[in-house]
Each structure stands twice: as structure tokens, then as C-alpha cells.
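Chemist: Provided below are the primary sequence and the corresponding predicted coordinates.
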Amino acid sequence: MELGSHPVGMVVAGALGAAAGRTLMVWAARRAGPRLMGPATRANVDYLAGRLHGRGGTWGAAALLAVSPPPATALYIAAGLVRINLAVVAAACFAGRLVTYGIAVAVVGAAAAQIADRL
């Protein structure tokens, strides 16, 4: 990588941005979701929320959010509807994206170095 780029800074900034955006989406789903659902759907979501809340369910949901691929919008909306703790969502997203983006930057850096050697 050239042009004065800082790969670690790019990874951290990207992960922070992703975590902030996803946390905002969870908050919005939490606020607007119940108003948009019918009574039967709301009852199903409430049942699921009751099953997920507690130590094992919350950390299981956090693990799912952390390992989910970047296009996991539906999972984050569901996390908002079942009212998963926003701090847990933010931390899970940040950790997952930190690993994902770190791997991506490392792979791209290695590929760029090999291409530069061949030119």
C-alpha cells in the first residue's frame, strides 16, 4: 500500500463506521419496528425476545452478529426488534468488522505487493 496509507487506521476507522451505522440501524428498528408490525407478528417477536434475553441468549446473538458477513442487515434489524442491548450490538459489530476488514486489508496488501513485483 502506498500514498501514505495507514492500514491499521483504515481498518479501525472502517470498523468504527460500520459499528456506528449498524447500532443506529438497531436503534431505529427498536423505535419504529413495533409500530409497523401487526399484533400477531408483535406477539411472535415478543416471544422470541423473551427466549433470547438472558446471559446465553444475548451472548449468542452477539456472536451471531460478530461472525455474520457484512450484508447482514436483516440480523441487525431483528436484533433491534428483540431489543438486544445496544452496547452488545456495537461491540459485536466492531469486533467482527475489525477481523473481517483486517483480513481484507492484509490480503489486498499482499496481492498489491505481488503485482508490483511482477510489473
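Modeler: Thanks, I have it.

Chemist: From Leu75, how far out is the residue nearest the centre of the chain?
Modeler: By C-alpha atoms, centre = their mean, the mean C-alpha position of the chain lies nearest to Cys93, the distance being 3.3 Å. Computed as C-beta to C-beta, to the nearest Å, the Cys93 to Leu75 distance reads 10 Å. In this view, the C-beta of every residue, glycine as well, is placed from N, C-alpha and C.

Chemist: Which secondary structure elements does the lowest-mean-pLDDT helix or strand in the chain sit against?
Modeler: Between all helices and strands in the chain, the lowest mean by mean pLDDT, DSSP states H and E belongs to helix 55-67, at a mean of 78. Applying 3 or more C-beta pairs under 8 Å, 6 or more residues apart in numbering; DSSP states H and E, one finds that helix 55-67 contacts helix 39-52, helix 73-81, helix 86-118.

Chemist: neighbours of the residue nearest to Gly60 when sequence neighbours are not counted, just the number please.
Modeler: Leaving aside its sequence neighbours, Gly60 sits nearest to Leu52 (C-beta to C-beta, 6 or more residues apart in numbering; 7.6 Å). Residues lying near Leu52 (other C-beta atoms under 10 Å) number 17.
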